[in-house]
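1. this one's structure only:
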């Protein structure tokens with residue numbers, strides 16, 4: 001008998017915002033992964049934090065085991081009522097049912113799972129640790145290194161993929177990746193493709209009643225063609241370009257990829273320079289001209305779109321990780337040659353309107369995740385301290 005195979009999960013959420021139960025949909029992310037970072041930004045920017053909870057996997061990836069989630073010491077199960085109980089008054093009840101639909105247990109979920117950063121304490125520091133020397137890959141610090149899974153009580157992300165095979169009646173043949181968008185009622189992965197999850201979240205926001213809708217439309221009809229074009233070449237040459245440069249073992253291929261990467265970074269710089277000049281010309285006579293410019297300073301026109309969300313996680317990691325770790329070191333983003341790209345980055349990070357960017361950027365996780373999980377590239381596992389600051393002030 002032939003076994004059905006699947007290599008990705010590409011479902012969607014058709015529910016209207018008002019009919020979605022809090023905690024039904026759950027997002028599993030790594031704070032180090034730029035693709036998971038996209039989904040986190042979209043979740044927060046579109047005001048879905050109070051609806052969709054998140055669990056954060058450990059920053060260290062052990063390929064043979066997949067991404068790890070926290071479990072209490074001494075092998076205690078997190079299904080224990082005391083472990084699941086919230087420390088706050090803003091709790092929600094979650095029902096657990098078996099495959100026959102019979103209720104198994106009820107528990108309460110900690111309010112921190114619905115915060116912008118999923119409760120990870122170091123995300124609020126705006127800078128990485130002053131020393132990484134004493135941090136080990138087998139450290140198990142809850143709310144620092146990772147969080148637990150209050151929905152399915154899994155230890156490794158692989159278990160969610162195994163559960164989903166039953167729902168879809170298929171053998172999953174793809175990689176175990178983040179982000180994962182999970183449906184706690186159907187007990188399955190809905191989607192594990194970041195670009196599609198962004199659009200799922202955007203769709204939920206657009207279905208809100210107009211008086212309750214967050215003001216962003218990340219994929220407006222009038223900009224579809226321009227957004228799709230930018231997404232395409234940025235993904236191929238920048239988002240994945242840094243990985244292609246870092247993982248190739250052919251020096252000629254490496255040099256070709258790095259030169260191509262900076263060619264497209266230069267292209268992005270030119271786009272942002274043009275956008276800034278247009279805004280500067282329009283608002284130069286305004287006494288608050290800089291504020292007016294920064295409110296409209298994006299990759300596509302004067303609106304924040306998914307192009308900004310998909311590009312930001314790569315650029316915020318560039319100086320701190322990719323420059324040294326993947327040897328993408330012709331220029332830094334903070335150099336004078338990327339004046340407008342650096343300004344765009346700092347504006348998204350520091351602008352108080354965009355908590356979604358700053359509060360989902362964890363410099364400890366992204367530095368440790370790369371330097372401790374890729375021994376082929378960094379066999380000694382030493383995490384560089386610099387550059388400092390991790391991001392310059394605006």
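-> Perfect, thanks for sending it. Note that the structure is predicted; figures quoted are calculated from it, not measured. Numbering: from 1, shown residues only.

2. longest helix anywhere in this structure?
-> helix 251-283 (DSSP state H).

3. who does the helix or strand just after that helix touch, helix- and strand-wise?
-> Next in sequence after helix 251-283, counting helices and strands by DSSP states H and E, comes helix 289-294. Helix 289-294 sits against helix 251-283, with contacts defined as 3 or more Cβ pairs under 8 Å, 6 or more residues apart in numbering; DSSP states H and E. Just so you know, the C-beta spots here come from the backbone N, C-alpha and C atoms, and that holds for glycine as well.

4. now the closest residue in space to residue 52 that isn't next to it in sequence: how far from residue 219?
-> Nearest residue to residue 52, sequence neighbours excluded (Cβ to Cβ, 6 or more residues apart in numbering): residue 25, at 5.0 Å. Distance of residue 25 to residue 219, computed by Cβ to Cβ, to the nearest Å: 20 Å.

5. okay, these two: which has more neighbours?
-> residue 25 (23 against 17; other Cβ atoms under 10 Å).

6. before we move on, could you check phi and psi at that one?
-> Note on residue 25: its backbone torsions stand at phi -100, psi 140 [degrees, to the nearest 10].

7. Am I right that it is in contact with residue 14?
-> No: applying Cβ atoms under 8 Å, one finds residue 25 not in contact with residue 14, separated by 12.0 Å.

8. And the pLDDT at residue 354?
-> For residue 354, the pLDDT comes out at 83.

9. Name the SS class of it, please.
-> helix (DSSP: H, G, I helix; E, B strand; the rest coil).

10. Buried residues of the longest helix of the chain, list them for me.
-> Using 16 or more other Cβ atoms under 10 Å as the test for burial, helix 251-283 gives 254, 257-258, 260-262, 265, 268-269, 271-272, 275-276, 279, 283.

11. what's near enough to touch the residue nearest to residue 52?
-> 13, 51-52, 181-184, 190 (Cβ atoms under 8 Å, 6 or more residues apart in numbering).

12. Determine the set of other helices and strands touching whichever strand or helix holds residue 36.
-> Using DSSP H and E, residue 36 falls within helix 34-45. If you count contacts as 3+ Cβ pairs under 8 Å, 6+ apart, helix 34-45 packs onto strand 25-29, helix 194-206, helix 306-316, helix 355-358.

13. can you give me the strands for the stretch 101-250 of the chain?
-> 103-108, 171-172, 180-183, 188-191 (DSSP state E, counting those that start in this stretch).

14. Next, count neighbours for residue 380.
-> Using other Cβ under 10 Å, residue 380 has 7 other residues around it.

15. Now do it against residue 53, distance only.
-> 37 Å.

16. Excluding sequence neighbours, find me the nearest residue to residue 191.
-> residue 181 is the one closest to residue 191 (Cβ to Cβ, 6+ apart), at 4.7 Å.

17. An error on my part: the question was meant for residue 35.
-> residue 194 (4.2 Å).

18. Return the residues in contact with the one you found.
-> By Cβ under 8 Å, 6+ apart, the contact set of residue 194 is 35-36, 38-39, 179.

19. and with 6 Å instead?
-> Counting by Cβ atoms under 6 Å, 6 or more residues apart in numbering, residue 194 touches 35, 38-39, 179.

20. And these, which is closest to residue 127?
-> residue 38 (22.3 Å; Cβ to Cβ).

21. Near that closest one, how many other residues are there?
-> 25.

22. Poorly predicted segments of this structure, please.
-> Flagging of the chain using pLDDT under 70 yields the residue ranges 1-3, 73-108.

23. mind redoing it with 80?
-> For the chain, residues meeting the criterion pLDDT under 80 lie at 1-3, 72-108, 210-212, 285-288.

24. residue closest to the middle of it?
-> Among the residues of the chain, the one closest to the centroid is residue 37, at 1.1 Å (Cα atoms, centre = their mean).

25. residues near the closest residue to that residue other than its chain neighbours, how many?
-> Nearest non-adjacent residue to residue 37, counting by Cβ to Cβ, 6+ apart: residue 313, 3.9 Å away. Applying other Cβ under 10 Å, we find 24 residues neighbouring residue 313.

26. if I look at residue 130, how far off is residue 117?
-> Distance from residue 130 to residue 117, by Cβ to Cβ: 20 Å.

27. Looking at those two, which has the bigger crowd around it?
-> Legend: neighbour count by other Cβ under 10 Å for residue 130 and residue 117, higher for residue 117 (22 against 7).

28. Wait, that one touches residue 359, no?
-> Yes: between residue 117 and residue 359 there is a contact at 5.1 Å, judged by Cβ atoms under 6 Å.

29. Give me the neighbour count for residue 64.
-> Residue 64: 5 neighbours (other Cβ under 10 Å).

30. ok so it is a strand residue?
-> No: when classified by three-state DSSP, residue 64 is found to be coil rather than part of a strand.

31. So it versus residue 317, what's the distance?
-> 25 Å.

32. Same check on residue 67?
-> Taken as Cβ to Cβ, the span from residue 67 to residue 317 is 18 Å.

33. Surely the residue nearest to the centre of the chain and residue 311 touch.
-> No: with contacts counted by Cβ under 6 Å, residue 37 stays clear of residue 311, the gap being 11.1 Å.

34. hmm, back to that, by how many degrees do the longest helix of the chain and helix 306-316 diverge?
-> 120 degrees (axes from the mean of the first three to the mean of the last three Cα atoms, to 10 degrees).

35. which helices and strands does helix 251-283 pack with?
-> helix 241-247, helix 289-294, helix 339-350 (3 or more Cβ pairs under 6 Å, 6 or more residues apart in numbering; DSSP states H and E).
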